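Enquirer: after the sequence you'll find the predicted model.
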Amino acid sequence: MSDQITITLPDGSKRSYNKGATALDVAMSISEGLARNVLAAKVNGEVRDSFRPIEEDSNLQLLTWNDDEGKSTMWHSSAHLMAEALEALYPGIKLGIGPPIENGFYYDIDFNGIEFDSDNLEAIENKMLELAREKNEFTRKEISKADAIAYYKEKGDEYKLELIDGLDDGSITFYNQGNFTDLCRGPHIPHTGYIKAVKILNVAGAYWRGDENRKQLTRLYAISFPKQKELKEHLELLEQAKLRDHRKIGKELELFTFSEKVGKGLPLWLPKGAVLRERLENFLKKAQLKAGYDQVVSPHIGGKELYVTSGHYAKYGEDSFQPIHTPSEDEEFLLKPMNCPHHCEIYKSKPRSYKDLPVRYAEFGTVYRYEQSGELHGLTRVRGFTQDDAHIFCSQDQVKSEFAKVVDLVLYVFSALGFEDFTAQVSLRDPNNPDKYIGKDEDWEKAEAAIKEVAEEKELNFVIEYGEAAFYGPKLDFMVKDALGRKWQLGTSQVDYSLPERFELEYIGSDNKKHRPVMIHRAPFGSMERFIAILIENCAGDFPLWLAPDQIAILPISEKYHDYAKELFVEMQEKDIRGFVDERDEKIGKKIRDAEVKKTPFMLIVGEKEAEEGTVSVRQHGQGDIGSMKKDEFARFFHNKVAELIN
RNA sequence: GCCGAUGUAGCUCAGGGGUAGAGCGUUUCCUUGGUAAGGAAGAGGUCAGGGGUUCAAAUCCCCUCAUUGGCUCCA
């Protein structure tokens, strides 16, 4: 056997090394600078320590801060460093898990009764940096299960013991750096000195192993960087993100509010917010009309039996707003948590023929769900919200084409609103747990295949999640992130075999026999509340022209031109251009500033010259003065701009 | 629901055991001004609510409510 191995680099070049060479050796042979930046290595597709010897011919990719795996290795090591610092500052704590995450890392700590001062996170950061400067090497050690158990028994850490319990003997490794040893699969960076900047971002409670029946540990979220400058940039980015927060902008632009008296999680739409909402609704209504939907309307409450039939009562009855009882008759009604049972009853209002299908019922239906108080969040998680709901009743053969049309509609909506950064999630059955689902296997197979095919044909950026399907059918959800990087589901489209069954929906087929239709639930926005929240964060309050609550601000130079301004306001209103006249006794500079701050798309400045010539001096938000136009000319210009945006 | 934090004027926030402050906004007056803040005066707060400690509580302690960072949940 040769004691040489061949290493193939990503560019295809091959190099020869002594057996047992490490990725760091390889990097060093290329350049010292590269070696300094290598955080981990991908050996034959597996991410490993860059300091682990390579024993055979391999494909090797050196991972640096520019690679996601490089970052996560750094953050994983940083979690160990934080644990070391915490053990030094708070002897006697017990450790849960400490993984890297999308932006940084966390460690779950049981402070075991030791008082933890969450106001002095800086002390932990400083301790981490102090330990980092020691450039302590990370070392990897394979350890027997018995020895691992003995180590943590001695240490008295039941969390690690529980983790070890789930591992196979022979697959257990410990990593050590400085005075800290942790049960860990790795990999890690070569030494702590790579960590140059750390910031503990927040402290939160987290149940051990995500189980709400088990002990709650203290989770410290943090992030680290190889350069101080990058930390600074990251923190600035977070600050910027906070400025986009829909709760902040919603207040500033007077879009919505909450009232303790009305109740938590129950948004109140202010006039400007209501205008925005109405424009979005009209936009979708128009698109749905074209796509063959019929609008229906259903009440805000429904008899309890309706939800017993739908199955929702059994599943959610206890965790919902409780039934409303009538005073004299013994009747019970539920605030509607969904629109579909009502729509099923509309479908049933007359016999259906296969020639009627697909039937598409749309409704901006307001629903009420009892969300846990700790879950409420601005407009993204509320207890009363309006779904842009629709239910398509079709034959099994029509599922795919209907699904494709729904996806087209969602994509149209997203593109009109400038949502580019979204992912699609195809949620299918858990193959290991087929009993969880109702409906015929062959129907599921067809529906799942249809959804996947549609996702592929529409070239969606999608992931498949097994086990995420609803019990009644597979679904396709559209996910977006808010300003702070939290993921939310917006649009959704779901195939349902359950409700047609439960409500005994039927149609007469061409064979003159009764058949059961398939239902597709779909909502391109998801909910108006959540969609608008994300829209606000996406555009930072600079709404597309057609949605802006105030599209124009008419700014008279002085009181003398108020008549002309008011006349102009009426003319614009007649041309479907909405805004207001700023009649305050302020100078033009002040009026412009205020309109700019409120992000009004166009400012029409009118003074002596304009009043005489029948013109307006136009200023565009963020652009400045764009010159003078005749009134009609501005209206045409305006409507052309709108047309560019929504078609 | 759970762990942590926060709650002072419409908004953003400072203050802090001896009975409340700024800026913006708002109102009135002066000013009639041409592309991002003209000037002056005034109004506005049971310091979230309740209880306790104290001669004295907005300030310290307890409870409740709301908001908030997470966790769990999400038809």
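Expert: Arrived safely.

Enquirer: helix or strand with the lowest mean pLDDT in chain A?
Expert: When the helices and strands of chain A are scored by mean pLDDT, DSSP states H and E, helix A:312-316 comes last with a mean of 88.

Enquirer: give me the buried positions along whichever helix or strand residue A:632 is part of.
Expert: Assigned by DSSP states H and E, residue A:632 belongs to helix A:631-645. Of all the residues in helix A:631-645, those buried under the rule 16 or more other CB atoms under 10 Å are A:631, A:634, A:635, A:638, A:641, A:642. For the C-beta atoms, the positions are set from N, CA and C on the backbone; glycine is no exception.

Enquirer: could the residues you listed go into TSV alongside distance to RNA strand B and pLDDT?
Expert: What follows is these, written out as TSV (distance: CB to the nearest atom of the strand, whole Å; pLDDT from 0 to 100):
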residue	distance to RNA strand B	pLDDT
A:631	14	97
A:634	12	98
A:635	18	98
A:638	17	98
A:641	18	95
A:642	22	95
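
Enquirer: quick one on the thing from earlier: tell me how far the helix holding residue A:632 is from the chain's mean position?
Expert: Relative to the chain's own centre, helix A:631-645 is displaced by 34 Å; criterion: CA atoms, centre = their mean, to the nearest Å.

Enquirer: which strands or helices does it pack on?
Expert: Taking 3 or more CB pairs under 8 Å, 6 or more residues apart in numbering; DSSP states H and E as contact, the helices and strands that helix A:631-645 lies on are helix A:562-574, strand A:615-620.

Enquirer: how about the ones you listed, which one is nearest RNA strand B?
Expert: strand A:615-620 (3.0 Å; CB to the nearest atom of the strand).

Enquirer: that closest one near RNA strand B anywhere?
Expert: Yes: figure legend: strand A:615-620 in contact with RNA strand B (CB under 7 Å from any atom of the strand); contacting residues A:617, A:619.

Enquirer: C-alpha coordinates for that strand, CSV please?
Expert: Extracted as CSV, the C-alpha positions of strand A:615-620 are listed here (Å, rounded to 0.1, in the frame of the first residue of the first chain):
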residue,chain,number,x,y,z
THR,A,615,-50.6,72.9,-14.1
VAL,A,616,-49.0,71.1,-11.2
SER,A,617,-45.4,71.0,-10.1
VAL,A,618,-44.7,67.3,-9.5
ARG,A,619,-42.4,66.0,-6.9
GLN,A,620,-41.8,62.2,-6.6
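
Enquirer: who does the residue most central in space within chain A bridge with?
Expert: Ranked by distance to the mean C-alpha position of chain A (CA atoms, centre = their mean), the top residue is residue A:487 at 1.8 Å. Taking DSSP bridges as the rule, residue A:487 bridges to residue A:481.

Enquirer: next, the contact list for it, please.
Expert: Taking CB atoms under 8 Å, 6 or more residues apart in numbering as the criterion, residue A:487 is in contact with A:479, A:480, A:481.

Enquirer: up against RNA strand B, what does the stretch 301-450 of chain A have?
Expert: Applying CB under 7 Å from any atom of the strand, one finds that the stretch 301-450 of chain A approaches RNA strand B through A:312, A:315-316, A:319-320, A:337-338, A:340, A:369-378, A:381.

Enquirer: run through who's touching the least confident helix or strand of chain A.
Expert: For helix A:312-316, contacts defined as CB under 8 Å, 6+ apart pick out A:304, A:307, A:308, A:334, A:337, A:338, A:341.

Enquirer: redo that, cut-off 6 Å
Expert: Outside helix A:312-316, the residues within contact range by CB atoms under 6 Å, 6 or more residues apart in numbering are residue A:307.

Enquirer: pairing partners for the helix or strand that it is followed by, with directions?
Expert: Downstream of helix A:312-316, the first helix or strand assigned by DSSP H and E is strand A:324-325. Using DSSP bridges, the strands paired with strand A:324-325 are strand A:332-335 (antiparallel).

Enquirer: what residues does the next helix-or-strand element following the strand it pairs with touch?
Expert: As assigned by DSSP H and E, the chain's next helix or strand after strand A:332-335 is helix A:340-347. Around helix A:340-347, the neighbours that count as contacts under CB under 6 Å, 6+ apart are A:296, A:298, A:306, A:310, A:361, A:391, A:393, A:499, A:503, A:505.
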